[in-house]
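Chemist: what's the 3D shape of this:
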Amino acid sequence: MPNDYFRFKQFTVRQAGVPMKVGTDGVLLGAWAAFDGTERHILDIGTGTGLIALMAAQRTASDDPRRPEALVDAVEIDAASSRMAALNAASSPWAPRIRVHHSPLQTYAPECATRYDHILTNPPYFTESLTPPDAGRALARHADALPFDELARHSAALLAPGGRLSLILPPDAVAAFTLRALAHGLRCARKTDVFPTPTGRIKRTLAEFMFHPPRYDADFLIIADEGRRGYSEEYRELTRDFYLKF
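Modeler: Numbers count the residues shown, from 1 in each chain. As a prediction, this is how the structure comes out:
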């Protein structure tokens, strides 16, 4: 059974009584997303217990008074998860910079006047597959609550002109989302296929979308050595600022 909390190097995620616990997908996305120090406003869609929002706040922290720190908005449809995300944000070193909104994206987006420099999401992706039996997990993981077209449309409306949308999906869902993103003016700028081991199949794909990407980059990431004897050096390097074991 998962612990009621997950401790990282600079923050702790409490997760008792919520449908979706801390997992590799969220850590991957929070560590992989590109930040260049110019971000002023960041949005985490479907924040769950606030993991990705907290990682974004950590990565955009600054000791330089000439570089203002980014404000992070986190949107979550599940009431229990939203309350837990707010608690985790308030208990973190970046409490003044994180705001948690208990709302579906479809309600939040039309009322939001902010344009975001970076939007991150570990979105629901099950479509034709069976819905998870637990109602909370179904809401978090099944795309009925947030279809790809609505995610792409609202993200495009909320992005600043040079902004980025970063997300993580199973590989068989990437093409479907990419088509919907293209319909709303967003093109893939960067993609990383994630393999569990050197000989395993692609498990997840990390993708970044922009309105006018200057180029397209593609690479891959291997999480563990063959036989799962230990984590790969590239995975350790990517997540070193967060996991206590690294």
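Chemist: Stretch 223-235 spans what distance, first to last residue?
Modeler: End-to-end distance of stretch 223-235: 5 Å, with C-alpha to C-alpha, to the nearest Å as the criterion.
Chemist: Would you state the strands of this protein in chain order?
Modeler: Counting by DSSP state E, the segments of the chain that form strands are 5-7, 12-14, 41-45, 71-76, 98-102, 116-121, 159-169, 187-195, 204-210, 217-222.
Chemist: Let's have those strands in JSON lines, adding mean pLDDT.
Modeler: Conversion of the strands of the chain to JSON lines gives the following (pLDDT from 0 to 100):
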{"stretch": "strand 5-7", "mean pLDDT": "95"}
{"stretch": "strand 12-14", "mean pLDDT": "98"}
{"stretch": "strand 41-45", "mean pLDDT": "98"}
{"stretch": "strand 71-76", "mean pLDDT": "98"}
{"stretch": "strand 98-102", "mean pLDDT": "98"}
{"stretch": "strand 116-121", "mean pLDDT": "98"}
{"stretch": "strand 159-169", "mean pLDDT": "98"}
{"stretch": "strand 187-195", "mean pLDDT": "98"}
{"stretch": "strand 204-210", "mean pLDDT": "98"}
{"stretch": "strand 217-222", "mean pLDDT": "98"}
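Chemist: where does the protein have low pLDDT?
Modeler: Applying pLDDT under 70 to the chain flags residues 1-2, 125-144, 227-228.
Chemist: Helices along this protein, start to end?
Modeler: In the chain, the segments counted as helices under DSSP state H are 24-32, 51-59, 79-90, 105-111, 135-141, 148-158, 171-183, 233-239.
Chemist: For Ile202, find the nearest of the ones you listed.
Modeler: Go through these one by one with C-beta to C-beta and the one that ends up closest to Ile202 is helix 171-183, at 4.5 Å. (C-beta placed from N, C-alpha, C; glycine too.)
Chemist: And that closest one, what's buried?
Modeler: Using 16 or more other C-beta atoms under 10 Å as the burial criterion, the residues of helix 171-183 that qualify are Ala173, Val174, Phe177, Thr178, Arg180, Ala181.
Chemist: before we move on, the earlier item: same list (the helices of the chain) but as CSV, adding distance to Ile202.
Modeler: Formatted as CSV, the entries for the helices of the chain read as follows, by distance: least, C-beta to C-beta, whole Å:
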stretch, distance to Ile202
helix 24-32, 13
helix 51-59, 21
helix 79-90, 28
helix 105-111, 27
helix 135-141, 19
helix 148-158, 19
helix 171-183, 5
helix 233-239, 15
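Chemist: Of these, which stretch is the most buried?
Modeler: Across the helices of the chain, averaging neighbours per residue (mean count of other C-beta atoms under 10 Å) puts helix 51-59 on top, at a mean of 26.
Chemist: give the contact list for Ile52.
Modeler: By C-beta atoms under 8 Å, 6 or more residues apart in numbering, Ile52 lies in contact with Gly26, Leu29, Gly30, Asp44, Ala74, Leu120, Thr121, Asn122.
Chemist: if you skip the residues just before and after it, what's nearest to Arg190?
Modeler: Here the nearest residue to Arg190 in space, its sequence neighbours aside, is Glu208; by C-beta to C-beta, 6 or more residues apart in numbering that works out to 4.1 Å.
Chemist: sorry, back to before: columns distance to Ala157 on top of the buried residues of helix 171-183, output as a markdown table?
Modeler: Conversion of those to a markdown table gives the following (distance: C-beta to C-beta, whole Å):
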| residue | distance to Ala157 |
| --- | --- |
| Ala173 | 22 |
| Val174 | 22 |
| Phe177 | 16 |
| Thr178 | 18 |
| Arg180 | 13 |
| Ala181 | 13 |
